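Trainee: here's a sequence, model it:
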Amino acid sequence: DEVKFPPEDIIFDPNVLTIGTGMEEHANYGIDFINATKTIKEQCPYVKISGGISNLSFGFRGVMKIRESIHSVFLQHCIL
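Mentor: So this is what the prediction gives:
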């Protein structure tokens with residue numbers, strides 16, 4: 001309200017980091033993105049969210065079947 005900028009015009013782009021690297025510390029990146037998105041929407045209900053989902057499967061570049069499968073499963077979890 002202070003800056004006269006409608007919240008519907010704000011787009012947050014939380015970073016989606018790659019999974020499947022074999023590094024344990026990367027295992028929760030998908031869940032972290034989903035939780036971050038939930039928190040943003042709770043705090044700012046009218047904003048939009050964008051996410052570079054292809055980053056999620058970056059570790060499998062060149063293997064499109066696996067990448068597409070990861071994206072499909074991830075997006076299914078996002079909408080549940």
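Trainee: residue contacts, Lys41?
Mentor: In this structure, Lys41 makes contact with Val47, Ile49, judged by CB atoms under 8 Å, 6 or more residues apart in numbering. Every residue, glycine included, has its C-beta placed from N, CA and C.
Trainee: look at it and report its pLDDT.
Mentor: For Lys41, the model assigns a pLDDT of 95.
Trainee: with Gly20 instead?
Mentor: As predicted, Gly20 sits at a pLDDT of 84.
Trainee: low-confidence bits of this protein, can you list those?
Mentor: Counting by pLDDT under 70, the chain shows low-confidence ranges at 1.
Trainee: so where do the strands sit in it?
Mentor: Using DSSP state E, the strands assigned to the chain run over residues 11-12, 48-49.
Trainee: how close does Asn15 get to Ile53?
Mentor: When CB to CB, to the nearest Å is the yardstick, Asn15 and Ile53 sit 11 Å from each other.
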